[in-house]
Structure formats: C-alpha cells, structure tokens
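[1] Predicted model, plus sequence, below.
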Amino acid sequence: MAQREITEEELRKRVRALLDEAHPDKVDQFTFRGKQYDHGLAWVHFPEGYGGLGISPGMQAIVTEEISKHAKTLYDDMMINAIGIGMGAPTVLTHGTEWMKKNLLRRIFTGEDIWCQLFSEPGAGSDVAGLATRAVREGDYWVVNGQKVWTSLAHLSKWAMLLARTNPDAPKHSGMSYFLLDMESPGVEVRPLHQITGEAEFNEVFLTDVKIPADRMMGREGEGWKVALTTLMNERTAIGGGGPTRRGAGSIGVLMNLWKSREKGQFSPEAEILMRDRITRLYIESELLRMTSQRAKAARKAGNPGPEGSVAKLAQAELNKRIWECAMDVMGPDSLVYEPGYTRRRPTSRAREGRNSLSKYQFLRARANSIEGGTSEVMRNILGERVLGLPGEPRSDKDVPWKQIPRSA
Amino acid sequence: MDFAFTHEHEELRQTIRRFMENESPEATVRKLMETEQGYDRKTWDKMASELSLLGLAVPEQYGGAGLGAVELAIAMEEMGRVLFCGPYLASAVLAADALLRTGDDASKKKLLPAIVSGKSIATLALADENGRWDPKAVTMRATRDGSNWKLSGAKNYVLDGHIADSILVAARADDGLGLFHVEGAAAGLQRKPLPTLDLTRKLARLDFSGTPAARVSSADATEALKHTLALASAMLAAEQVGGAQRCLEMSTEYAKTRLQFGRPIGSFQAIKHKCADMLVETEFARSAAYHAAFAIAGNEDVFEAAHLAKSYCSEAYFHAAAENIQIHGGMGFTWEHPAHLYFKRARASIILFGDPAEHRLQLASVLEL
Ligand SMILES: Cc1cc2nc3c(=O)[nH]c(=O)nc-3n(C[C@H](O)[C@H](O)[C@H](O)COP(=O)(O)OP(=O)(O)OC[C@H]3O[C@@H](n4cnc5c(N)ncnc54)[C@H](O)[C@@H]3O)c2cc1C
C-alpha cells in the first residue's frame, strides 16, 4: 500500500471540518465518533473508507491535539473499547472479510460494539498456542467446546476474537483457526472472576456446543496463529501505550502531585532527599518511555507493529509497578487504609473517584501490567529472540502433534 | 553473637506450626478477614490456655512463661507463615512489652495477668493523627483530673484498637511522655475500625475527648517506648520472614507443576532465577530477624539489629510476595488465590513502625555514618 502524504496543516483542516459537522460537546459519543470515522480520522493509518487516510500512525496525535484545542469532551479509546480498538480493528482490517470490515470497524470505533479476546485458557497462557478449545466443522457451521479464562470485558461484549483448535493432530501452531464469535450465541456462558482489587474486570467464559457460521472465520483454516499474532502485536502496542501522553501526565503525574501535596513534616529532611531522588528517577524513566514510544510511532509506517512493540510493553509494565509502589510510600501510613473498602463490583467503566483511593487501587491493579498481554518474562524472550536474534531455548513442543504435548490440567 | 536455636526452641516452633496449621488454615483467614473484629475468640483462648503464647515474654510473677524475644520471634514467624488473624502483635508484643518497660509494679500486677490469660486484649496507641511511630513525635496531651488523668486528641492506625479491652496510650504530661491506661469501653472514647488494605490485620482510629485514664508509670516513657518499638520492629521482621518463606514455597511448588510449552515453568531460567533470588533474600531476611531477636534477648546492639531487620525484611517480603504473584501469572492476580493476601500483608508491614528508608536512616545514625 502506497503511503500517502498529507501535511500537518491539511490534517488539521480536516479535523476542523469534522468539528463543523459534528462537535463532541454537542452530539453524543456514537454520533461524533461515527463522523470521525467517516472523515478518516479514527485511525489515520487505516485506508480510506475504513476510518483512515492511509498516512503514518504518528499523525494520529495531531488529530487528538486539534480536537482538544476546540472541544472539552475528549474520548479515550482505552475507556471506550480497549480491546476492540486496540486489537479488534487492526485484526479485522488485516485478516477480516469484506463483510466484517464494512460492518464491524465503525461500530468498534464508536463503542457501540464492545469486543473481547478469547485466547487464554486455564492450561494455555504464555503458551497460548497450546490451547485446547476445540472447533469442529459441521455443515455451514463450526461447533465450539472449551473454556477460556481471564477474559476482560466479556460481560459487556458483543463480539469476541476466538482462537480454537481445529486440528489436534497437527503441530500446535498449525492446528488453530481464528473466529469471530457473537457473544450472544447460545452456549456462551460468562462468569465473573474477582481480582486482587476485589472487582471483577475479567471473566471465565465457558463454550458449550456454540455454533459459529463458517464465514465468520478470519484467515484460513489452520492459519489462526498468523491472525493471532496480528492481534498480539497490536495488543502490546495498545497496552504498552507508550507511557504518559504528555510531559508529566499519567501515573507519574499522579505521583508527583501526591508528593507535592504531602503533609509537612511527614518525612524527615533526610527522607525527603531520598524520596525526591526516587521520584525524579521515575520521572526520567517515564519521560524516556514517552519519548521512545514517540520515536517508534514516528518511524512506523501504516500497517501492523512488529516485535519491537515489546520494548514499550515491558518498560511500561515494570515502570508502572514501581511508580505506584513509590506512591504508596509517599502516602505513608495513609496507604494502610483502603477506603471505602474492597467492593465486589463488576465495573462497567474504568472511571473511579477520589485521588488517594484511586492511587491505592492503581497500586494493586498495576500488578497485572507485567502479566496481561504477555508477561514480562515472555516480553524479554521476544526481545532477545525476535529483535536481537539470540538463539531460542531448545523446544520439544514445536514439531510434534499438539495432542502429544504434556499439558497442565 | 551466637544465634543458634536450642532443641526446646525447635519443639516450640513445631508445636506452634501444628497449632497454626489447624487453627488458621486459609479458609479461616478468609472468614476472619471479612469480619470487623478480625479474630477468633476460641483460638485466642486456646493460644493462652494450651500454648501459653500470650505471655511468652512476660515474667512468671505476672503469669507469663518467662521466656523472651527469641521465643516471641518464633511465634511471630509461624503466624506470619499462615497470615494468622488476631491481636497478637498488639497485645502480646506491643502492649505487654510497653507495660513491662514502663509500668510500676501495681499496674503490671493489675494488667499483665489478664493479657497473659487472654481475658483482656490490649494494644498500644502510640502514633497520633499523622501516623508516626515515634515517641518523640507524640503531641497528644494528658491533663490531671484529681488523682486521675484525662486524655484528649486522636490516635491513628492503632492495631486492633477497636476490639482492645485495654488501651495503653502515649500522651504528654507536664513532666514528660507518659503511658496511660484507658478501658476500651471508657466514656469519651470513640473507636472507628479502618478499612485496611491488608484485611488480615485490623487497625482503628481512636478519638479521645476528656477520656478518663490511669497513668501506669511516673517516669518519662520515651526511652522505654523506643525499646518497645525496636522489639515490635524485630518481631514484625520475624513475621515477614514467615510470610516470605511461604511465598517462596508457593512459588517453587507452582514452578514445578505448572506446564507451559510442554514443560514446567520452573525449567525456564527466568522463573528458576526468580526462585533462587527469593531464596537468597529470604535467607538474608531470616538472618536479620533471628539476629535481632537474639540481640534483644541479650540486650546487645538492640537498635542496630532492629533497624537492620525491619528495613531488610520489609523489602525481602514485599519482593517475595510480588514475585509470587508474577510466577503465578493470571492466577496470582485473582482474589481466589492466596498470593494477594500475602502481597497486601507484605505491603502494609512495610509501613508499620516506619518504612525501610526511615529504618536505614536510623541505622546510619546508630553506626555514626
Ligand atoms: C488483568 C488481566 C487481564 C487479561 N485479559 C485477557 C483477555 O482479555 N483475554 C485473554 O485471552 N487473556 C487475558 N489475560 C491473560 C494473560 O494474557 C495471561 O495471564 C498471560 O499471558 C500469562 O498466562 P498465564 O496466566 O497462564 O501464566 P503462565 O503462562 O502460566 O505463566 C506463569 C509464569 O511463568 C512464566 N513463563 C511462562 N512461559 C515462560 C517462558 N517461556 N519463559 C520464561 N517464563 C515463562 C510467566 O512469565 C509467568 O511468570 C489477562 C490477564 C490479566 C492478568
């Protein structure tokens, strides 16, 4: 696909034209974002007609900036439809049928259809290619049986990206196929799973004789892994996100504010010096994460990200945990209190109130950063092997039929 | 300093371990952590009547077992292993030691036997509103009221303060820092349980308004309470060792049995090395905590040993608890798995009695660095 050239000024003009037609402060989310999609300003690196303009993904920041200049209402993709926008859309664009592109992309962007990812299973996490959920062809349908786990947002989702085994006799990577599953289908059961925070953001999903029309397959039969890699690469960039969007924004910003509003005398003068150094160090790393992601984005052409996306994913996860640990230390004795207590709710959005308690929630939630979307250990393996070209560990599970590989119960 | 455990020590450890395994399995911990009072009365009574645990370090003349910091550390370590829920640190460590160090004979005779028998749960209310566990930082005032005293002000983050029958309160009198005894049910005392990050250890905020109190000693309590805090820090360090050890065991066990890519995850060096590092840190922590217990028992290098132990063990436990989550993957992030319970206990005990940086600064002063 030829890369088009559009100047920054031309792009800003297009944003202003969008705002003239539909202004986010005046119309609702679906209407505004629908128009944004129609103007090719949803994902500028997507082709024209599919929410984009076929230009570098680095230019998306200009769209956001121009909107924020003229509007108070700013939508955050991660809040609206994290998985649909971050992973579903690029997967559909790359591997979906024409019907899928025409009917799904716009509703993903507006948030009308929430998406989830049915990859992980009790026995297959880091080794997702070892999964056991079975799909068997029966006439015009595939019939699916199995169990998925840790499925974020499944309780709110209309569509799922489902990876299932279609040939257990083939080696693991070549026996899988990728499906688009309507979560309202009979046989789909979603049960909440509670997390360290007490809340149930993720779920177990049980699939019993679920029928999927044959034309809802993405990619070809047996080529599910290739499609899954597109999803996973995009997941890492979506999650890795690149740290703060602006200087001193995001978690480092919260930490800096906590520090500035500490009570006088909470720390001894010597302890203050230590803490300032620690926070400054975290600030430096946050800035470098932001700049590194910015550089990577600018260098990227239209198309899917590669394994180098793991740099930001790894750095972000490890840094974020340390930032929130530091925030707990800054809060000191107040960090012993978790107000208003643990709730067993099933959140419908990620918004939360109250600064201190939000930081404590974030401290707990951040533990998942180095697990979700691929663990930090797996990220290091990817960087070592796929980016640096170091030899892999000897493997015994690659070239044998999947059904012969030892698995956890 | 020699710090070897005797045969008796090992027997004591085995007895407590068996008791804790029976009385404080995970299901019980989960049940108690959801309650407001946070402990089981029957278990508490048995700890007194069957094991004499509540007065381990209390002299026999007040009904105790007449042992010391080493035995107390063994008990704390075993409780830390299972995340025992109960006011042990508050009553058997902090309150008992504060009384022993500051109390006159009459108050010791009056209060200690009930603490030892379990009839009375006691706690020490030291930190004011701002939560600083430092006798010098106490600003709460005590005023004379005839032959008695009255207290006004707030005490925060008081261990088990909402259930204690006896509260020992540090407050300033005209002649220096005093320790005062307040009945849990006293008039003019408001007790508010706090929603804790670590559900397995309960804290309360206490508001005093002209609350009647009895002074337990006439001398200034600053130095004595510093010793009590050193003991409490060392005992908390022992508890942290027990928790870290349990995290290491859970991780190792899981690394041996969880298969990914057709092999146990412990066969990946990334995981194997994590476990090995946890082992090293847990062994270091163990040395620190045992050394502190023996130092206090022998009254030698008490502060040096306590600051060293509290700073090191806090970080070692937190690291072990965090790695335990990581090694368990998605499972380790769930409410159903116990990893988060250890993680929250580890996190909260970093702050309790001062954070590691503070303890290192104090150690540096002791070392004249
Ligand atoms: C909050 C949250 C949300 C999630 N949302 C979703 C979702 O929406 N959809 C979905 O499909 N999944 C989701 N996941 C699952 C996530 O992708 C998996 O948890 C993750 O891939 C790890 O798999 P696992 O939990 O089975 O751990 P395991 O793979 O069993 O890993 C256990 C430990 O072994 C290590 N390990 C494994 N293999 C290797 C190796 N080769 N080398 C070195 N170390 C290794 C891991 O790093 C980890 O420390 C979510 C997870 C979390 C925590």
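    Now that the structure is in, tell me what you want to look at.
[2] quick one: contacts for B:Ala90?
    Residues in contact with B:Ala90 (C-beta atoms under 8 Å, 6 or more residues apart in numbering or on different chains) are B:Ile121, B:Ala122, B:Thr123, B:Leu124, B:Leu159, B:Asp160, B:Gly161, B:Ala164. Yep, even glycine has a C-beta here, placed from its N, CA and C like the rest.
[3] Most widely separated two among those?
    Among those, the pair separated by the greatest distance (C-beta to C-beta) is B:Ile121 and B:Leu124, at 11.9 Å.
[4] the more surrounded of those two?
    Per other C-beta atoms under 10 Å in any protein chain shown, whichever of B:Ile121 and B:Leu124 has more neighbours is B:Leu124, with 31 against 26.
[5] just to revisit the earlier point, in CSV, list the contacts of B:Ala90 along with secondary structure and pLDDT.
    Below are the contacts of B:Ala90 laid out as CSV (DSSP: H, G, I helix; E, B strand; the rest coil; pLDDT from 0 to 100):
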residue, secondary structure, pLDDT
B:Ile121, coil, 98
B:Ala122, strand, 98
B:Thr123, strand, 98
B:Leu124, strand, 98
B:Leu159, strand, 98
B:Asp160, coil, 98
B:Gly161, coil, 98
B:Ala164, coil, 98
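[6] Let's see if you can find the most crowded of those.
    Per-residue neighbour counts (other C-beta under 10 Å) across those peak at B:Leu124, which has 31 neighbours.
[7] Wait, that residue touches B:Ser91, no?
    No - between B:Leu124 and B:Ser91 there is no contact under C-beta atoms under 8 Å: 9.3 Å.
[8] Assumed A:Phe179 was part of a strand.
    Yes - judged by DSSP: H, G, I helix; E, B strand; the rest coil, A:Phe179 forms part of a strand.
[9] Need the three-state assignment for the residue nearest to it when sequence neighbours are not counted.
    Excluding its sequence neighbours, the residue lying closest to A:Phe179 (C-beta to C-beta, 6 or more residues apart in numbering or on different chains) is A:Leu162, at 4.4 Å. Recorded secondary structure, A:Leu162: strand (three-state DSSP).
[10] residues in contact with A:Leu162?
    A:Leu118, A:Thr133, A:Val144, A:Lys148, A:Tyr178, A:Phe179, A:Leu180, A:Leu181, A:Ile212.
[11] could you redo the last one with a cut-off of 10 Å?
    A:116-119, A:133, A:135, A:142, A:144, A:146, A:148, A:177-181, A:183, A:188, A:205, A:207, A:210, A:212, A:216-218, A:224 (C-beta atoms under 10 Å, 6 or more residues apart in numbering or on different chains).
[12] now A:Ser268
    By C-beta under 10 Å, 6+ apart, A:Ser268 lies in contact with A:Leu274, B:Arg132, B:Asp134, B:Ala357, B:Glu358, B:Leu361, B:Gln362.
[13] The helix or strand hosting the fifth one and chain A, any residue contact?
    Of the helices and strands defined by DSSP states H and E, B:Glu358 is found in helix B:356-366. Yes - under the criterion of C-beta under 10 Å from any C-beta of the partner chain, helix B:356-366 makes contact with chain A via B:Pro356, B:Ala357, B:Glu358, B:Arg360, B:Leu361, B:Gln362, B:Ala364, B:Ser365.
[14] what separates the closest residue to B:Asp97 other than its chain neighbours from B:Leu189, distance-wise?
    The shortest distance from B:Asp97 to any non-neighbouring residue, by C-beta to C-beta, 6+ apart, is to B:Thr228 (4.7 Å). Counting by C-beta to C-beta, to the nearest Å, the gap from B:Thr228 to B:Leu189 is 22 Å.
[15] Would you mind telling me which of the two has more residues around it?
    Neighbour count, other C-beta under 10 Å: between B:Thr228 and B:Leu189, B:Thr228 has more, with 27 against 22.
[16] A:Pro347 against A:Met79, yeah?
    No - counting by C-beta atoms under 10 Å, A:Pro347 does not reach A:Met79; the two are 11.1 Å apart.
[17] Which residue of those two possesses the greater neighbour count?
    Taking neighbours as other C-beta under 10 Å, A:Pro347 and A:Met79 compare with A:Pro347 leading, 15 against 11.
[18] if I pick that one, what's in contact with it?
    Going by C-beta under 10 Å, 6+ apart, A:Pro347 touches A:Leu153, A:His155, A:Leu156, A:Thr197, A:Glu199, A:Ala200, A:Glu201.
[19] Could you measure from the third one over to A:Pro347?
    So the one you mean is A:Leu156. Counting by C-beta to C-beta - A:Leu156 and A:Pro347 are separated by 9 Å.
[20] ok, now the fourth one?
    Applying C-beta to C-beta, the value for A:Thr197 to A:Pro347 is 9 Å.
[21] For B:Ile350, see how far away the residue in the stretch 51-200 of chain B that chain A sits nearest to is.
    Going by C-beta to the nearest C-beta, chain A is nearest to B:Gly131 of the stretch 51-200 of chain B, at 2.8 Å. Counting by C-beta to C-beta, the separation of B:Gly131 from B:Ile350 is 13 Å.
[22] That's all I had, so thanks and see you.
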